[in-house]
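1. my questions are about this predicted structure, shown below with the sequence.
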Amino acid sequence: MPEEFKSPENSAERIVTEEEVIEALQTKGSENPEARALLVKWKEQNQAEANKKNTSTANVKENIKLARLYKKAGFPKEAVDVLEDALLNLNQEAGIKSREEQNKALIQEIESLIKKIEGK
C-alpha cells in the first residue's frame, strides 16, 4: 500500500482526484478498503463544495458527478442507484415553484443519463 494512504496527515490534506478513485475501483473493486477510502474522501471533498453553495441543485449535481464516476469505473448499477436517488429528491421538491424549472432540467439530464447507462 502506498505510503500516502497510511499517513493520517497526508490523507487529510491530500486532494483525491476522480481518476485516482476510478483506477482504484477498477483495479481493487468497490469493496476494497483502500478503494472505499478514496471514494469516501473524494465524495467528502465534493460534498464540501456543494455545501458551500448550500443548494439542493448543487447536491444533485454532485450526485450526477458521482454517478458518472461509477459509470467510468465500470459500476453501472451503482451509477443508476445514485441517479435514481437524485431523481427522487428532485421529484420531492417539484412543488416548490422557484425551483421547478431548474429541477425539470436536472430531471431530464438524470433520466437521459440513466438511459445511457442502462443502454436504452
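-> Perfect, I can see it now.
2. from here on, contacts and neighbour counts on C-alpha atoms
-> Will do.
3. what helix or strand does the closest residue to K28 other than its chain neighbours sit in?
-> Distances taken as Cα to Cα, 6 or more residues apart in numbering put A35 closest to K28, at 6.5 Å, once the chain neighbours are dropped. If you go by DSSP states H and E, A35 is part of helix 33-53.
4. my read: the residue nearest to K28 touches A24, true?
-> Yes: when contacts are counted by Cα atoms under 8 Å, A35 is listed as touching A24 (5.1 Å).
5. in what helix or strand does L87 lie?
-> Taking DSSP H and E as the definition, L87 sits inside helix 76-93.
6. so what does that helix touch, helix or strand wise?
-> helix 56-73, helix 97-118 (3 or more Cα pairs under 8 Å, 6 or more residues apart in numbering; DSSP states H and E).
7. residues in contact with that helix?
-> For helix 76-93, contacts defined as Cα atoms under 8 Å, 6 or more residues apart in numbering pick out 60, 63-64, 66-71, 99-100, 103, 107, 110-111, 114, 117-118.
8. and the nearest residue to E118 once chain neighbours are set aside, how many neighbours does it have?
-> Using Cα to Cα, 6+ apart and skipping the chain neighbours, the partner closest in space to E118 is P76 (7.4 Å). P76 has 19 neighbours, counted by other Cα atoms under 10 Å.
9. ok, T55 next?
-> Neighbours of T55 under the rule other Cα under 10 Å: 10.
10. check T27 too.
-> Neighbour tally, T27, other Cα under 10 Å: 12.
11. which SSE is it in?
-> helix 18-28.
12. give me the distance from that helix to the chain's centre.
-> Centroid displacement of helix 18-28 relative to its chain, using Cα atoms, centre = their mean, to the nearest Å, is 14 Å.
13. what is it packed up against?
-> Using 3+ Cα pairs under 8 Å, 6+ apart: helix 18-28 touches helix 33-53, helix 56-73.
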